[in-house]
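Undergrad: Sequence isn't available, so here's the structure alone:
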């Protein structure tokens with residue numbers, strides 16, 4: 001059983017920053033990529049960022065490019081999402097996900113991942 005556990009969410013004022021973490025544990029599995037998705041109330045889950053595990057190549061949604069930074073620590077089996085210059089529209093539950101097979105860059109921005117975390121709430125006040 002693979003488990004993804006997110007942490008680091010919270011309440012922050014507009015313009016502030018947060019750092020989300022997602023630790024993978026359980027059965028050893030090879031990761032092709034890990035990603036972050038978010039879901040605001042009444043909206044569909046949307047892609048935020050992903051990172052290719054082998055070389056750290058990042059992918060970003062246009063809405064977060066230049067403000068969010070994804071990174072990974074291979075030794076800790078953890079992926080991070082640094083959220084800067086937060087806006088009220090960034091308010092959502094943020095989900096971590098992992099995929100263990102090759103996916104094209106086009107597929108990585110869609111929810112085709114094999115494993116998902118339980119989510120962490122990020123609330124940005126105006």
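TA: On my side now, so go ahead. Every value quoted in this text rests on a predicted model; they were computed, and no experiment measured them. Residues are numbered from 1 along each chain as shown.
Undergrad: drop to CA atoms for contacts and neighbour counts, all remaining ones
TA: OK.
Undergrad: looking at it, residue 94 is touching residue 116, isn't it?
TA: No: counting by C-alpha atoms under 8 Å, residue 94 stays clear of residue 116, with 10.7 Å between them.
Undergrad: between these two, who's got more neighbours?
TA: Legend: neighbour count by other C-alpha atoms under 10 Å for residue 94 and residue 116, higher for residue 94 (27 against 22).
Undergrad: How about that one: what's its closest non-neighbour residue?
TA: residue 38 (4.3 Å; C-alpha to C-alpha, 6 or more residues apart in numbering).
Undergrad: Check which helices and strands the helix or strand harbouring the one you found sits against.
TA: Using DSSP states H and E, the element containing residue 38 is strand 33-39. Applying 3 or more C-alpha pairs under 8 Å, 6 or more residues apart in numbering; DSSP states H and E, we find strand 33-39 packed against strand 46-52, strand 92-99.
Undergrad: ranking the ones you listed by burial, who's on top?
TA: strand 92-99 (a mean of 25; mean count of other C-alpha atoms under 10 Å).
Undergrad: right, and the helices and strands packed on strand 33-39 - which one's nearest residue 1?
TA: strand 92-99 (13.0 Å; C-alpha to C-alpha).
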